[in-house]
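Visitor: just coords:
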């Protein structure tokens with residue numbers, strides 16, 4: 001599992017709340033917390049101020065209440081709590097799995113469990129609503145997938161295909177076919193009009 005913690009564990013950038021224009025970056029690696037600041041001011045005495053960088057070990061960050069207040073002001077209490085959790089070795093290994101492996105794990109779940117999992121975090125919501133996942137689910141539950149269904153899925157998404165009943169799906173395929181045929185018949189008329 002330690003190999004999942006290589007490099008950057010968390011990264012976030014934001015501008016300080018008004019009236020400040022300063023820009024900040026918070027970076028958590030597998031061994032330290034890095035705080036970067038770019039001072040932005042129109043005043044002449046502040047123009048030559050170089051960006052600053054502060055590197056702290058996990059324990060130094062947990063002991064530096066002043067820096068924690070800055071993180072809370074710029075990024076909010078939720079981010080501060082999350083970063084403090086990372087510094088205390090509270091890692092979410094599941095979210096750090098490679099996407100392909102995570103998709104295979106999620107495909108083993110029941111549909112109700114996938115819906116519940118999608119409510120746990122933004123990352124899981126994104127993957128639980130992804131076309132890659134729902135294409136595999138549709139392929140598992142449907143007998144045949146026609147080229148027209150694939151084309152419709154490209155337009156509306158595989159999740160929509162899965163939850164649309166067969167009659168409505170046939171209507172959507174019919175409408176899409178009509179639209180394609182109408183566009184095909186309109187194109188020669190336009191080129192003929194340009195030649196005239």
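Guide: Yep, that arrived. Just so we're clear, the structure is a prediction, and the values are computed from it rather than from any experiment.
Visitor: domains in this structure, by residue range?
Guide: 2-91, 99-190 (automatic domain parsing).
Visitor: let me have the ones you listed in a markdown table, extended by mean neighbour count and mean pLDDT.
Guide: The C-beta positions use only the backbone N, C-alpha and C, and glycine is treated the same way. Below are these laid out as a markdown table (neighbours: other C-beta atoms under 10 Å; pLDDT from 0 to 100):
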| stretch | mean neighbour count | mean pLDDT |
| --- | --- | --- |
| domain 2-91 | 14 | 86 |
| domain 99-190 | 13 | 83 |
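Visitor: can you give me the pLDDT of residue 1?
Guide: On the pLDDT scale, residue 1 is placed at 43.
Visitor: let me see the ranges of the strands in the chain.
Guide: Per DSSP state E, the chain carries strands over the ranges 8-15, 23-29, 32-38, 52-57.
Visitor: among these, which is nearest residue 106?
Guide: Smallest distance to residue 106 across the strands of the chain (C-beta to C-beta): 22.3 Å, for strand 8-15.
Visitor: give me the contacts around that closest one.
Guide: Applying C-beta atoms under 8 Å, 6 or more residues apart in numbering, the contact partners of strand 8-15 are 21-30, 74-75, 79, 82-83, 86, 91.
Visitor: between the strands of the chain, which one is nearest to residue 158?
Guide: Of all the strands of the chain, strand 8-15 comes closest under C-beta to C-beta, at 30.7 Å.
Visitor: within the sheet, what are the partner strands of the closest one, with directions?
Guide: Partners of strand 8-15 in the sheet, by DSSP bridges, are strand 23-29 (antiparallel).
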